[in-house]
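Novice: need a structure here:
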Amino acid sequence: MTTTTTGIAATTTDDRAEDRVDAASRRVHAAEGQLHTAHQRGVEAWQLAAEHTLHAALEEYLAAKAVAP
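Specialist: This next block holds a predicted model:
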């Protein structure tokens, strides 16, 4: 009987990396909601803070995607 491990490494997943992507995705979604609310309220300080939060969340998401399988 012959066994092989070819392809196994390519098909295994890094659950922690996927969890980081999922968590970052949720933060992006939450930040988009905050920005929408800030625009509806018309408070410039809230809008600036929400824009900053969204920007940071997007950077985190892109960084997580870059290392995910």
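
Novice: Ranking helices and strands of this structure by mean pLDDT, which lands last?
Specialist: helix 8-11 (a mean of 50; mean pLDDT, DSSP states H and E).

Novice: what ranges do the helices span in this structure?
Specialist: 8-11, 15-41, 44-67 (DSSP state H).

Novice: So what touches stretch 52-64?
Specialist: 17, 20-21, 23-25, 27-28, 30-32, 34-35 (Cβ atoms under 8 Å, 6 or more residues apart in numbering). Yep, even glycine has a C-beta here, placed from its N, CA and C like the rest.

Novice: Report the two of the residues you listed separated the most.
Specialist: Using Cβ to Cβ, those span at most 26.9 Å, a distance reached by Ala17 and Leu35.

Novice: how much space between His39 and Arg16?
Specialist: 35 Å (Cβ to Cβ, to the nearest Å).

Novice: Repeat that for His52.
Specialist: For His52 relative to Arg16 (Cβ to Cβ), the value is 27 Å.

Novice: cool, and Glu59?
Specialist: Remark: distance between Glu59 and Arg16 (Cβ to Cβ) = 19 Å.

Novice: Likewise for Val43?
Specialist: From Val43 to Arg16 the distance is 38 Å (Cβ to Cβ).

Novice: Looking at the two, which one has more neighbours?
Specialist: A count of neighbours by other Cβ atoms under 10 Å puts Val43 above the other of Val43 and Arg16, at 13 against 10.

Novice: Show the pLDDT at that one.
Specialist: Confidence at Val43, expressed as pLDDT, is 96.

Novice: for Asp14, same thing?
Specialist: pLDDT, Asp14: 75.

Novice: Now His39. Nearest residue, chain neighbours left out?
Specialist: Excluding the flanking residues, the one nearest His39 by Cβ to Cβ, 6 or more residues apart in numbering is Gln47, at 6.1 Å.

Novice: Isn't the one you found up against Gln40?
Specialist: No - using Cβ atoms under 8 Å, Gln47 makes no contact with Gln40, being 10.0 Å away.

Novice: For the two, work out which one has more neighbours and name it.
Specialist: Gln47 (16 against 9).
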